[in-house]
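1. Sequence first, predicted coordinates after that:
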Amino acid sequence: MSWEAPDGTTIQGFLCRPTTPGPHPLVVNIHGGPVWAFRGTWQLFYPWVPLLVSQGYAVLNPNPRGSAGRGQEFAAQVVGDMGGADTDDFLSGIDALVELGIADPDRIGLTGASYGGFMSSWLVTRDQRFAAAVPTAPVTDWYSQHFTSNIPFFDRLFLAGDPAEPGDRFHERSPVMHAAGVTTPCLNVTGALDRCTPPGQAREFHTALIEHGVESVLVTYPEEGHGVRAFPALIDYCARMLEWFERHMPVHPTEETR
């Protein structure tokens, strides 16, 4: 499917949905990168997508600006502005599905790892529409990320900023700096061996949310690195994700869960 972002840019994505009539609870599954892309092929890298769909969730897999596959100019749009215009690419995609009657506006969730983990954390600070989020291997504090990650060049490139400058994008686009405005329950997931987005990133956001009275759970897999990939951790991760969405945005809501 495709939709139009507020600035007129056409954004594409893959929608996986149940066979039953909508509107469905919707999970937005955000890829890493950001210069990566969902493709029209089955990917074992995302086993939770068919799991969620089998349980009655629609899953939108967007390719926002910055994604691969649409030329250098499109990919370069995220360079120096990560967390800027790409934010609206996701929100406008959700709006499109709500307008089509596919997504229930009261049951919208987020998940993603790496860039997707950052964006899952970032979006809940930008908009209070989300019923639940599962940020995985996220960046939530670009300042500490710069000094603890094994890819310190990454943030300088995609934020076009300087961690030493107060008020710079390193601070402005750090989800922890905006935790006071979050209302979305978050299941924060990290691997203890992650050197790319170290486990302290998920811990910082979890702590910030708890301090502001937001429901938050922190899960650290002791033998996982950047993302959750190996068994049995992957099975546990998928089960926890499904349970989190079922708790906060159930497929069949009761009077108590509405």
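-> That came through, no problem.
2. make it CA atoms for all contacts and neighbour counts henceforth
-> Noted.
3. Check which helix or strand G112 maps to.
-> strand 103-113 (DSSP states H and E).
4. Quick check: buried residues in that strand?
-> A103, D104, P105, R107, I108, G109, L110, T111, G112, A113 (16 or more other CA atoms under 10 Å).
5. Assess the claim that the fourth one and F130 are in contact.
-> Pointing back at R107 there. Yes - assessed by CA atoms under 8 Å, R107 is found in contact with F130 at 7.1 Å.
6. Closest to D194 out of the buried residues of strand 103-113?
-> Nearest to D194 out of these is A113 (CA to CA; 11.9 Å).
7. so who does the closest one touch?
-> Applying CA atoms under 8 Å, 6 or more residues apart in numbering, we find A113 in contact with I30, H31, G32, P135, T136, A137, P138, G227.
8. Let's see that with 6 Å instead.
-> Applying CA atoms under 6 Å, 6 or more residues apart in numbering, one finds that A113 lies in contact with G32, T136, A137.
9. now G101
-> P23 are the contacts of G101 under CA under 6 Å, 6+ apart.
10. so which strand or helix has it?
-> Using DSSP H and E, no helix or strand contains G101.
11. Kindly report the same for G225.
-> Here G225 is covered by no helix or strand, with elements defined by DSSP H and E.
12. again, but for G13
-> When elements are assigned from DSSP H and E, G13 belongs to strand 10-16.
13. Next, the residues that contact that strand from outside, please.
-> By CA under 6 Å, 6+ apart, strand 10-16 touches M1, S2, W3, E4, A58, V59, L60, N61, P62, N63, P64.
14. Would you map the helices across the chain?
-> The residue ranges that make up the helices of the chain, judged by DSSP state H, are 48-54, 72-76, 85-99, 115-126, 142-148, 152-159, 169-172, 200-211, 233-248.
15. Among those, which comes closest to H178?
-> Closest to H178 of these is helix 115-126 (CA to CA; 5.9 Å).
16. Show me how far the closest one is from its chain's centre.
-> Computed by CA atoms, centre = their mean, to the nearest Å, the chain-centroid distance of helix 115-126 equals 5 Å.
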